[in-house]
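J.: sequence isn't available, so here's the structure alone:
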Ligand code: G4P
């Protein structure tokens, strides 16, 4: 079953981008560094009239550090695009962002007016947190439920750096099932749009193949990583539920509770730093999605 979900304010977001874009030098799209392909909006370039775009692979503290460079290269190879990795521990992100924007819009050097930037991103990608950090105080409300809109705001980051935040959310285009699962696992998709058990079984299948050692360590599984990789995904979920005490009267594992525990762990980074897709995998999914 593929996951279909759109935040309720797509029209507002599209309209707001169209109205603002004429004043904008560079667009910043925040991506989730654990799913840098699936968390992007493929229509962004059209929506923004092909403005230069800075892709921020955000929450890099949760992503696999061995995989992030490959994603940065993948985006940096695109014309009019630069990519950097970031997380909320960065104390002063403004100068780094401004430097990257200046590289993207070099013709602006020498102009008296400030760099004008528009930020956008799918829900839960850390946009409010970053804006708060850039603004130096709590301006945007963080931790909202996926898909809830906010009003457009302009933030004077510095005399030479103005930033507009789009109201509403950018929507992901879920053209392949795997992107939907990864978005749901990351918390980007409204929680009524997916079945937690299904999402976790998909997630565990991937983690078994690529992060079996991390699963063994997190859930103190009494088996070698290569044996974990051989388990059926529902056997693995049952074993995790048992280890974590998600057990009902009679000793049966509460699978729903076990699934919720795994999702909470993933989102908090408790399974370790994992990235749920590589550029070649994502390209292969796209090829399948486009062929359908
Ligand atoms: P949004 O505006 O894009 O929807 O996202 P928001 O900033 O509200 O952040 C969503 C969640 O992600 C928040 O956690 C926030 O603390 C967390 N977050 C933001 N940036 C980073 C980062 O770089 N690294 C990590 N590990 N987490 C980040 P929450 O639990 O939903 O809310 P709260 O308990 O922090 O209020």
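T.: Done, it's in. Note that the coordinates shown come from a computational prediction; the quantities given were computed from them, not determined experimentally.
J.: OK, contacts around the residue nearest the centre of the chain?
T.: In the chain, the C-alpha nearest the mean C-alpha coordinate belongs to residue 32, at 2.2 Å (C-alpha atoms, centre = their mean). For residue 32, the contact set (C-beta atoms under 8 Å, 6 or more residues apart in numbering) comprises 39, 57-59, 122, 124-126, 186, 188. From N, CA and C alone the C-beta is placed, and that goes for glycine too.
J.: repeat for residue 63
T.: By C-beta under 8 Å, 6+ apart, residue 63 lies in contact with 33-34, 57, 85, 273-275.
J.: and with 10 Å instead?
T.: With contact set as C-beta atoms under 10 Å, 6 or more residues apart in numbering, residue 63 has these partners: 32-36, 57, 71, 85, 87, 269, 273-276.
J.: now the nearest residue to it once chain neighbours are set aside: how far from residue 166?
T.: Distances taken as C-beta to C-beta, 6 or more residues apart in numbering place residue 33 nearest to residue 63, at 3.7 Å, with adjacent residues excluded. The gap separating residue 33 from residue 166 is 20 Å, by C-beta to C-beta, to the nearest Å.
J.: those two: who's more crowded?
T.: More neighbours surround residue 33 than the other of residue 33 and residue 166, with 28 against 24 (other C-beta atoms under 10 Å).
J.: so that one touches residue 70, yeah?
T.: No - counting by C-beta atoms under 10 Å, residue 33 stays clear of residue 70, with 11.5 Å between them.
J.: give me the common contacts of those two.
T.: Jointly contacting residue 33 and residue 70 under the rule C-beta under 10 Å, 6+ apart are 64, 275.
J.: shaky segments in the protein?
T.: Where the chain drops to pLDDT under 70, the residues are 1, 5-9, 108-111, 137-152, 168-169, 172-173, 291-292.
J.: could you chop it up by domain?
T.: Domains of the chain are assigned by automatic domain parsing as 10-165, 195-291.
J.: chain center to the shortest one, what's the gap?
T.: Using C-alpha atoms, centre = their mean, to the nearest Å, the mean C-alpha position of domain 195-291 is found 18 Å from that of the whole chain.
J.: now do stretch 167-187
T.: 8 Å.
J.: straight-line length of it, end to end?
T.: Stretch 167-187 has an end-to-end distance of 19 Å (C-alpha to C-alpha, to the nearest Å).
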